[in-house]
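Novice: Here is my input; please provide its structure:
(one chain, ligands or ions: 1)
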Amino acid sequence: MVWQRFTERARQVIFYAQEEAQRLGTTWVCTEHLLLGLLRDSDCTAARILVRMGMNLQRIRDEVEHRVNRGEARYGVEMHLTERAKRVIELAYDESRRLNSGSIGTEHLLLGLIREEEGLAARVLSELGATLEVARREAANFQEQQGQRRGRLRRVDQPSRELYHPQLPAYLESLVPPRPAILQAMEAHAKATDFPIVGPVVGQFFYTLTRLTGATRVFELGSGFGYSTAWFALAVRENGGGEVHHVVWDEGLSRQAQDFLRGLDLLNIVQFHVGEAVQTLQQVGGEYDIIFCDIDKDGYPASLSVVKQHLRVGGVALYDNMLWSGRIWDDSDTSAATQGIRELTRLLTEDGDFAVSLLPLRDGVLMAVKLK
Ligand SMILES: C[S@@+](CC[C@H](N)C(=O)[O-])C[C@H]1O[C@@H](n2cnc3c(N)ncnc32)[C@H](O)[C@@H]1O
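Specialist: Next up, the predicted model:
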């Protein structure tokens, strides 16, 4: 019954897991074989989620291979799932239901593996920095983006829903001056892993704004692997130096950001924090010239009071994705993310302490200057 709900790819992973168990000389498929099976399909959603979490697939594979029990390879024998592996399947089913997904995909198997907690797979994933909370969020983001992509495809037939003239995005990008190779490598990495970044046009705008305002203190909420951070930090360095705070809740992404920003020689400017971004701003405290918010969109409205408190008078708050691929105009879309963006727009535009402009760059950047 549960098997019928498996996607083609998830079934393939189970098949790979059996092969892995046979290769390692056992007739029992354990959690580590399921994990090795997942890792054999580096293009599956689970593998992409692991990469988005800043994890290195080869490192996970090496760690499992290093610790797994092995014997003589045994092919052509009947295979069975261990109790722990069965539990992973049950948990995957439960995770798929929690996400209101109609089927069990590789991402749910990954969540099941992490949530099972006791098997070798869960131990390796946890030791390398995976947490259930972050993996769940990434799985939900993935699901949402896939829905968005399907929406965009549908919109090809509805030109009135297109945000811009088809030539505008490429034209704006052609006006961005040559940028360091590392920024371009980060853009390629985002594309390869389907990771959402602000992109060069918005990055260049952040750079220009930071130079214009002479900002030396910038706080970023929801920094990913550090792409937007790099643009702010490059400008702060040109402004004479200062501090740019990078915050993300997964350690792997923070490490990746450190590697990229080291390549740009920006480690003396950027301070790295791992945790929930709004809470981190509260804990770190201080007043900032610019605060940029790019966290999960349902969290936008609640972030505003904290952002306002830590912005100096004359400082600028920036929020990304304020057009949300046009979904803000779709009355039937009442998802928490879309509602969060609508509510933040209302709160900021009705707050007399701010002068607000929504700039239609890429997915919409809202810029709010704190007047008093
Ligand atoms: C859209 S991406 C950020 C991209 C980044 N601003 C850039 O353009 O390079 C948002 C990142 O922040 C993380 N995130 C979302 N909400 C967060 C929160 N409340 N606290 C910490 N991290 C968060 C997400 O997991 C993701 O890695």
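
Novice: Run through the residues of the stretch 201-350 of the chain sitting next to the ligand.
Specialist: Neighbours of the ligand within the stretch 201-350 of the chain, by C-beta under 6 Å from any ligand atom: 222-224, 227-228, 247-249, 253, 276-277, 294-296, 299. (C-beta placed from N, C-alpha, C; glycine too.)

Novice: Break down the stretch 101-250 of the chain into its strands, ranges please.
Specialist: Ranges of strands in the stretch 101-250 of the chain, per DSSP state E, counting those that start in this stretch, are 217-221, 243-248.

Novice: Need those strands in CSV (columns: mean pLDDT).
Specialist: Putting the strands of the stretch 101-250 of the chain into CSV (pLDDT from 0 to 100) gives the following:
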stretch, mean pLDDT
strand 217-221, 98
strand 243-248, 97
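
Novice: Let me know the helix or strand that Arg48 is in.
Specialist: helix 45-52 (DSSP states H and E).

Novice: May I have that helix exported as PDB, CA atoms only?
Specialist: The C-alpha atoms that make up helix 45-52 are tabulated as PDB, following Å, rounded to 0.1, in the frame of the first residue of the first chain:
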ATOM      1  CA  THR A  45      15.400  16.000  -4.800                       C
ATOM      2  CA  ALA A  46      17.000  14.500  -1.600                       C
ATOM      3  CA  ALA A  47      20.500  14.900  -2.900                       C
ATOM      4  CA  ARG A  48      19.700  18.500  -4.000                       C
ATOM      5  CA  ILE A  49      18.300  19.200  -0.500                       C
ATOM      6  CA  LEU A  50      21.500  17.900   1.000                       C
ATOM      7  CA  VAL A  51      23.600  20.200  -1.200                       C
ATOM      8  CA  ARG A  52      21.400  23.100  -0.400                       C
END
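
Novice: Tell me which other helices or strands that helix touches.
Specialist: Judged by 3 or more C-beta pairs under 8 Å, 6 or more residues apart in numbering; DSSP states H and E, helix 45-52 is in contact with helix 31-40, helix 57-67, helix 106-116, helix 132-155, helix 181-193.

Novice: Let's see that with 10 Å instead.
Specialist: The helices and strands touching helix 45-52, judged by 3 or more C-beta pairs under 10 Å, 6 or more residues apart in numbering; DSSP states H and E, are helix 8-23, helix 31-40, helix 57-67, helix 106-116, helix 132-155, helix 181-193, helix 251-263.

Novice: Report the mean confidence score over the last one.
Specialist: Same thing as helix 251-263. Throughout helix 251-263, pLDDT has a mean value of 94.

Novice: do the same with the second one
Specialist: Helix 31-40 shows an average pLDDT of 95 in the prediction.

Novice: Kindly report the same for the third one.
Specialist: Taken as a whole, helix 57-67 has a mean pLDDT of 94.

Novice: Buried residues of it, list them for me.
Specialist: Going by neighbour count (16 or more other C-beta atoms under 10 Å), the buried part of helix 57-67 is 60-61, 63-64.

Novice: Let me have those in JSON lines, extended by distance to Glu187.
Specialist: Shown next, in JSON lines, are these (distance: C-beta to C-beta, whole Å):
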{"residue": "Ile60", "distance to Glu187": "25"}
{"residue": "Arg61", "distance to Glu187": "27"}
{"residue": "Glu63", "distance to Glu187": "30"}
{"residue": "Val64", "distance to Glu187": "32"}
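
Novice: and the longest strand seen in the chain, what does it pack onto?
Specialist: Longest strand in the chain by number of residues (criterion: DSSP state E): strand 311-319. Here strand 311-319 touches helix 199-213, strand 217-221, strand 288-293, helix 300-309, helix 336-349, strand 354-359, strand 365-370, going by 3+ C-beta pairs under 10 Å, 6+ apart.

Novice: gap between the fifth one and the chain center?
Specialist: By that I understand helix 336-349. 20 Å (C-alpha atoms, centre = their mean, to the nearest Å).

Novice: From the contact counts, what lies against that helix?
Specialist: Judged by 3+ C-beta pairs under 10 Å, 6+ apart, helix 336-349 is in contact with helix 132-155, helix 300-309, strand 311-319, strand 354-359, strand 365-370.
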